[in-house]
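Trainee: How does the following fold in three dimensions:
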Amino acid sequence: MWSRILSPGVISRTRFCWRSLFTMKLKTSEFQSLFTDGLNGLAEVFEKHQHELRIAGGAVRDLLSGKRPEDVDFATTATPEEMKRMFQTAGIRMINNKGEKHGTITARIHNENFEVTTLRVDVQTDGRHAEVEFTTDWQKDAERRDLTINSLFLGLDGTLYDYFKGYEDLQNCKVRFVGSAEQRIQEDYLRILRYFRFYGRVALKPGDHEPETLAAIRENSRGLAAISGERIWVELKKMVVGNHAAHLLELMYNLELAQYIGLPPDGNVEEMKRVWQKAKDHSPKPMTILAALFHCPEEVEKMDIRLKVSKEEKTLALFLVKYRQELCKSDDEPSMKPFTDFIIDSRELDSQSKVCELLKYQGEEKLLAELCRWSVPRFPVSGHDLRRMGVTSGKEIGATLQKLRDIWKKSRYQMDKDELLSYVKS
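Mentor: Coordinates of the predicted model:
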């Protein structure tokens, strides 16, 4: 990856020191592809009013990794009031003013939305939120960010601005906090989970953590208790489907984080590691991995109270905990039959999806591929058909339909309507 980005003609670089600043020039195709009519229009506005505009955060990290970012955030020396005047003068529409109190203005140009945030410094933090004031100092803004790889800025001329060796860490696949890990964590305890999530995205191997970082996480783990469940779940579910997820979850248990983030304190870590190893190559849902930690439905309920997961996610966890041993392939029947029968009997729209997750959990790779290709057959008989044959009692209709459904299942769903109706006494 790095040989392509650093090949001759792609990047020219100059190094100079000013408050530990490292710069270089980026000219990759991914970077050039960002310059749509909308971005060019945005750049013209800021250039006209002599305010600096740079790409910030995750988009810079993605570009340096050879990826085209899905979302691009911008930072500027202009205040929100200055941006509003600039956009109004240029006849540019602004939308979603909810971010303004945090310094973010969203401009719509050529049918694209651009979020631009004024450089900020933290005045006061409480472990969840920060009071900020605006600045024109790029390094001070970089200092308030969580990880070195997220503290990078990229000018629209391709100049990278790196104050904390984030580029070097990205090259070396290292995840480090900006400055003091303990101080960054105490500013916002959710950064503990962000550390684990980005470790899964960036690190090449498990277990390559700095001891000082893990010590800071352990010592400040209790701070997660005050973080909202919704924020925790956003980070946790991204981490669980990333690289090294089993290692990271086990590490979180070793650091005694589980009790603060909705996971059972005595979760079945060995079962989770086994499930992750078998399921990881089949795009499991986050809850498919986490379900392995739960011993009983009550633990799922406690998790939901803390994290406020979606109804679909909670239902999947309860399903997996209930059926992981109860619904398995049988030596006495065709391998797919217990699973297809279950799907037919449940008559729920998402039953096939849930059974697929169960097969991932169980490590049944061949059955999973088979079930993904299988289409749910339509039961060919209805109550209307029975009424035409003279069956009028609602109770009798229900019983007859169930009898015919059992016959249909035994035929492996091959019998048609006429064959099934031949079993009905006229």
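Trainee: Export stretch 284-292 to PDB, keeping only CA atoms.
Mentor: Below are the C-alpha coordinates for stretch 284-292, written out as PDB (Å, rounded to 0.1, in the frame of the first residue of the first chain):
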ATOM      1  CA  PRO A 284     -21.400 -11.700  11.000                       C
ATOM      2  CA  LYS A 285     -23.700  -9.000  12.600                       C
ATOM      3  CA  PRO A 286     -22.200  -7.500  15.700                       C
ATOM      4  CA  MET A 287     -24.800  -9.200  17.900                       C
ATOM      5  CA  THR A 288     -23.900 -12.600  16.500                       C
ATOM      6  CA  ILE A 289     -20.400 -12.300  18.100                       C
ATOM      7  CA  LEU A 290     -21.600 -10.600  21.300                       C
ATOM      8  CA  ALA A 291     -24.300 -13.200  21.900                       C
ATOM      9  CA  ALA A 292     -21.600 -15.700  22.600                       C
END
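Trainee: Show me where the stretch 101-250 of the chain has its helices.
Mentor: Assigned by DSSP state H, counting those that start in this stretch, the helices in the stretch 101-250 of the chain fall at 138-143, 166-171, 181-187, 191-202, 211-219, 229-240, 245-254.
Trainee: tell me the most buried of those?
Mentor: helix 191-202 (a mean of 22; mean count of other C-beta atoms under 10 Å). (Each C-beta comes from the backbone N, C-alpha and C, glycine too.)
Trainee: quick one on the thing from earlier: and the helices of the stretch 101-250 of the chain: which comes nearest Leu293?
Mentor: Closest of the helices of the stretch 101-250 of the chain to Leu293 is helix 245-254, at 7.6 Å (criterion: C-beta to C-beta).
Trainee: So which of the helices of the stretch 101-250 of the chain is nearest Asp341?
Mentor: Per C-beta to C-beta, nearest to Asp341 of these: helix 229-240, 30.5 Å.
Trainee: Centroid-nearest residue for the protein?
Mentor: By C-alpha atoms, centre = their mean, the chain has its centre lying nearest to Lys238, at 3.2 Å.
Trainee: Same question for the biggest helix by length in the chain: list its buried residues.
Mentor: The longest helix of the chain (DSSP state H) is helix 394-410. By neighbour count on 16 or more other C-beta atoms under 10 Å, the buried set for helix 394-410 is 397, 400-401, 404, 408-409.
Trainee: try stretch 93-112
Mentor: Residues 100, 103-107, 109 are the ones in stretch 93-112 that count as buried (16+ other C-beta under 10 Å).
Trainee: Show me the two of those residues that sit farthest apart.
Mentor: Greatest spatial distance among the buried residues of stretch 93-112 (C-beta to C-beta): Gly103 and Ile109, at 19.3 Å.
Trainee: Format the helices of the stretch 101-250 of the chain as TSV; extra columns: mean pLDDT and distance to Gly91.
Mentor: Below are the helices of the stretch 101-250 of the chain laid out as TSV (pLDDT from 0 to 100; distance: least, C-beta to C-beta, whole Å):
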stretch	mean pLDDT	distance to Gly91
helix 138-143	95	29
helix 166-171	96	37
helix 181-187	95	39
helix 191-202	97	39
helix 211-219	97	49
helix 229-240	97	36
helix 245-254	98	48
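Trainee: and those helices as CSV, adding distance to Thr77?
Mentor: CSV is the format used below for the helices of the stretch 101-250 of the chain (distance: least, C-beta to C-beta, whole Å):
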stretch, distance to Thr77
helix 138-143, 8
helix 166-171, 20
helix 181-187, 23
helix 191-202, 26
helix 211-219, 32
helix 229-240, 29
helix 245-254, 38
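Trainee: out of those helices, which comes closest to Asn113?
Mentor: Once the helices of the stretch 101-250 of the chain are compared by C-beta to C-beta, helix 229-240 is nearest, at 20.9 Å.
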